[in-house]
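[1] What follows is a predicted structure for the sequence shown.
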Amino acid sequence: MPRKLWHLFNRWSAKQSTLNLVKIFTHDGHNYLRFPKEVNMPLERFSMSMALLERLSSGLSGNEMESILNEMEKALSAGLGNPKNAALMGTYIHIIRERQDTVIHRDLLLNIAATWVLRDDEDPYIINPDIHKEKLDVFEAMCKEGSHDFFTRLAIEPLTPLMSMSAEDFQTLWEYNVQQQRKLIAALTLLDTHRDTGRTKPKRS
C-alpha cells in the first residue's frame, strides 16, 4: 500500500477506534458501521441528526413543507376575502396538523440512517454530500428488497419503538408512509386548481 494511502488508512482507523463504531452489515464490498450512542457522534453529525429527529415529528420533509408554504402564499396573494381562498388556507393548516399525528416520514428516516451509519471509506467527522447521497441510494435499494437493517439495527433512543417492530410491521409502516407521500402530492395538486385568483375566466364559444 502506498505510504499516503497507508497514512490515511491509519488515521481513519484511529478515528474509528475512538468512536467505538459498531459494524452492522456489509453491502457491495463496503462495511457499514453505526455509532453506539448519539453522545459518540461528532458535532456535525449530531446536529444534523437532532434537526432531522425534530423535523420527523412534523410528518413532513423540508421539500413538502416548502410546497405547502408556497401554496399558502399563493392563497394569501389571491386574497382571503374570497371564501375559496380562505377555505384553502384552512385546508393547508389541517394537512400540516394531521400529518403530525399520522405520518413517520420515510425520507427523513432514510436521512437519519445515512447520518448515523458510516461507510468504511468516509470521515466520521464530516458529512460528505456525495457519500450521503450514495448511502441513501443503497438504503432505498435495500428497502425495495425488503431489508431495513440499515435502520432497525441502529441504536437511536428516541426511535426505540420503531426499532422493536417486527420486519413485517415495519414494512407495512414503510409502505403506508410511501402512500401518504403520494397522497400529499395529489392533494396539493388538486387544491391548487381550487384557488380563486379573481380573474374572469374566458367564456366558451
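    Received, thanks.
[2] next SSE after the lowest-mean-pLDDT helix or strand in the chain?
    Ranked by mean pLDDT, DSSP states H and E, the weakest helix or strand in the chain is helix 3-19, scoring a mean of 49. Downstream of helix 3-19, the first helix or strand assigned by DSSP states H and E is strand 22-27.
[3] which parts of that following strand are buried?
    For strand 22-27, burial by neighbour count (16 or more other CB atoms under 10 Å) applies to 24, 27. (C-beta placed from N, C-alpha, C; glycine too.)
[4] other SSEs contacting that strand?
    strand 30-34, helix 149-152 (3 or more CB pairs under 8 Å, 6 or more residues apart in numbering; DSSP states H and E).
[5] Residue ranges in this protein under the pLDDT threshold?
    The model of the chain has pLDDT under 70 over residues 1-18, 38-39, 198-205.
[6] Which among the helices and strands packed on strand 22-27 is found nearest to residue 190?
    With CB to CB, the closest approach to residue 190 among the helices and strands packed on strand 22-27 belongs to helix 149-152: 32.1 Å.
[7] would you put the C-alpha positions of the closest one in CSV?
    What follows is helix 149-152, C-alpha atoms only, in CSV (Å, rounded to 0.1, in the frame of the first residue of the first chain):
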residue,chain,number,x,y,z
ASP,A,149,-31.2,-3.4,8.5
PHE,A,150,-29.7,0.0,7.8
PHE,A,151,-32.3,1.4,10.1
THR,A,152,-33.6,-1.2,12.5
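[8] Could you list the residues in contact with that helix?
    24-25, 32, 109-110, 112-113, 117, 138-139, 142, 162-163, 165, 167, 170 (CB atoms under 8 Å, 6 or more residues apart in numbering).
[9] Can you flag which of the residues you listed belong to strands?
    In strands, judged by DSSP state E, the following of those are found: 24, 25, 32, 117.
[10] got the contact list for the second one?
    By CB under 8 Å, 6+ apart, the contact list for residue 25 reads 31, 32, 149, 150, 153.
[11] Just the buried ones among the residues you listed, please.
    Buried, going by 16+ other CB under 10 Å: 32, 149, 150, 153, out of the contacts of residue 25.
[12] Leaving out chain neighbours, which residue sits closest to the residue nearest to the spatial centre of the chain?
    Centroid-nearest residue in the chain: residue 108, 1.6 Å away (criterion: CA atoms, centre = their mean). In space, and not counting its chain neighbours, residue 108 is closest to residue 56: 4.9 Å by CB to CB, 6 or more residues apart in numbering.
[13] Next up, the contacts around the one you found.
    Residue 56 touches 104, 105, 108, 109, 112, counting by CB under 8 Å, 6+ apart.
[14] would you list the residues you listed in CSV and tack on distance to residue 191?
    CSV is the format used below for those (distance: CB to CB, whole Å):
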residue, distance to residue 191
104, 23
105, 20
108, 23
109, 26
112, 29
